[in-house]
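Asker: I'd like to go over a predicted model; first the sequence, then the structure.
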Amino acid sequence: MISTRMTVRGGALLLALVVVLPVGSALAEPGPPAPGPGSELVPGVAPGPQQPWQVDTPDQMLAPKVYTPTAEEDAVEPRDVAPGAAVLVEYVPLGDAAAGKAVACTQRTGPHQRQVERWLKLTVDGKQSASDCRAIRAFQRKHGIKPDSGFAGPVTWAQMRLLSAKKNPNAAGKCPVRTQRVACVDLARQLTWVQKGGTVVFGPVPMRSGRAGYRTRTGWHKIYWKHKNHWSTLYNSPMPYSQFFDGGQAFHAIYGSIYDPNGSWGCVNLRLADARALWGVLKKGDGVYVWGRRAGT
């Protein structure tokens, strides 16, 4: 449950970017000092069919009407994402994106500067330096993150969290081990996976949980309804491969970036390929365990 609405200011500025910034253009030379708290971040690649900016797809806050889909309805697969949608597009300061020139290596300090410095085993001071930028940029190039300007943004940090969790996402033992399947939702790391006993049978994959005021509810839940072609009843927006576990909160895919720093309206948003794979793993009655807290909520 995520919102299609953006602020009037942000919407006007983004509309201007659509006109000024051609698809595929690079970013600007280093600008003013790092943006302060609350400064707007936008995708560093211009909007287009493969990378829409307005990607929120909210559903009702109350539980949806549950019914048994017909065989004909279930036979219809949700539409696929547009070509190029899987590209990891970093969120950068609006000023950089608007300038529309190539950024060799940004001087800006990103919102995840300290975490990225620590992960890369750099000097952890929370301030961007030329050596920091080169190291961050090398990581971005290796993992296909665009633009590779060295900005320590949410996509770069999310990719690092995912890599750290790949081998054993439940190393800290925070998701309860049961003999049955349990879908684990780690709000702090923004990761989800499914385990059965001590074996991970799906994931981990990146996800997006609820924003401030609409947090994904923690604790034990159960998958109570699966609806492959669900649509938001409030906003007439698609929620492919929805698997509801608590009222109107569900796992479901979105047709845009799950790395939007704003967060959802409570649902656990997934990339389409991940939501499709999860659909084949979870069954009605399977447990869902949610813990932690998303940064900023």
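Answerer: Yep, it's here.

Asker: Please report the distance of Tyr214 from Ala138.
Answerer: Distance of Tyr214 to Ala138, given as C-beta to C-beta, to the nearest Å: 37 Å. Where you see a C-beta, it was placed from the backbone N, CA and C, and this is true even at glycine.

Asker: ok, those two, which is more surrounded?
Answerer: Tyr214 (20 against 13; other C-beta atoms under 10 Å).

Asker: I'd like the distance between that one and Leu278.
Answerer: The span separating Tyr214 from Leu278 equals 22 Å under the rule C-beta to C-beta.

Asker: My reading is that Pro138 lies in a strand. Confirm?
Answerer: Careful, residue 138 is Ala and not Pro. No - assigned with DSSP: H, G, I helix; E, B strand; the rest coil, Ala138 falls outside any strand and is helix.

Asker: quick one, helices of the stretch 1-150 of the chain?
Answerer: Secondary structure of the stretch 1-150 of the chain, counting by DSSP state H, counting those that start in this stretch: helices at 8-20, 71-75, 94-99, 113-119, 130-142.

Asker: Can you name the secondary structure element that comes next after the strand or helix carrying Arg276?
Answerer: According to DSSP states H and E, Arg276 maps onto helix 272-279. The helix or strand immediately downstream of helix 272-279 is strand 287-291, counting by DSSP H and E.

Asker: And the contacts of that following strand?
Answerer: Residues outside strand 287-291 that contact it (C-beta atoms under 8 Å, 6 or more residues apart in numbering) are 174-176, 178, 180-187, 216-223, 245-246.

Asker: Got a ChimeraX select line for the buried ones in those residues?
Answerer: Selection of the buried residues among those in ChimeraX, burial being defined by 16 or more other C-beta atoms under 10 Å:
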select :175,181,182,183,184,185,186,187,216,221,223,245,246
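
Asker: Which stretches in the stretch 151-297 of the chain count as helices?
Answerer: Listed in chain order, the helices of the stretch 151-297 of the chain (DSSP H, counting those that start in this stretch) span 154-165, 272-279.

Asker: Reformat those into JSON lines and put mean pLDDT, mean neighbour count and distance to Thr233 next to each item.
Answerer: Listed next are the helices of the stretch 151-297 of the chain as JSON lines, based on pLDDT from 0 to 100; neighbours: other C-beta atoms under 10 Å; distance: least, C-beta to C-beta, whole Å:
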{"stretch": "helix 154-165", "mean pLDDT": "97", "mean neighbour count": "20", "distance to Thr233": "30"}
{"stretch": "helix 272-279", "mean pLDDT": "97", "mean neighbour count": "20", "distance to Thr233": "19"}
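
Asker: just so I know, which of those helices lies nearest Ala295?
Answerer: helix 154-165 (9.5 Å; C-beta to C-beta).

Asker: which residues are contacting that closest one?
Answerer: Helix 154-165 has contacts (C-beta under 8 Å, 6+ apart) with 41, 88-91, 110-112, 115-116, 119, 136, 139-140, 143, 145, 171, 189-191, 204-206, 257, 259, 261.

Asker: Send over that helix as CSV, restricted to the C-alpha atoms.
Answerer: C-alpha atoms of helix 154-165 as CSV (Å, rounded to 0.1, in the frame of the first residue of the first chain):
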residue,chain,number,x,y,z
PRO,A,154,19.9,4.1,-1.1
VAL,A,155,20.4,1.8,-4.0
THR,A,156,24.1,1.4,-3.5
TRP,A,157,23.6,0.7,0.3
ALA,A,158,20.7,-1.7,-0.5
GLN,A,159,22.9,-3.7,-2.8
MET,A,160,25.6,-4.0,-0.1
ARG,A,161,23.1,-5.2,2.5
LEU,A,162,21.8,-7.8,0.0
LEU,A,163,25.3,-9.1,-0.7
SER,A,164,26.1,-9.3,3.0
ALA,A,165,23.0,-11.4,3.6
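
Asker: got the angle for it vs helix 130-142?
Answerer: Angle of helix 154-165 versus helix 130-142, following axes from the mean of the first three to the mean of the last three C-alpha atoms, to 10 degrees, is 70 degrees.

Asker: just how off-centre is helix 154-165 within its chain?
Answerer: Computed by C-alpha atoms, centre = their mean, to the nearest Å, the chain-centroid distance of helix 154-165 equals 11 Å.

Asker: Which residue comes closest to Asp274 once chain neighbours are left out?
Answerer: Leaving aside its sequence neighbours, Asp274 sits nearest to Val205 (C-beta to C-beta, 6 or more residues apart in numbering; 4.3 Å).
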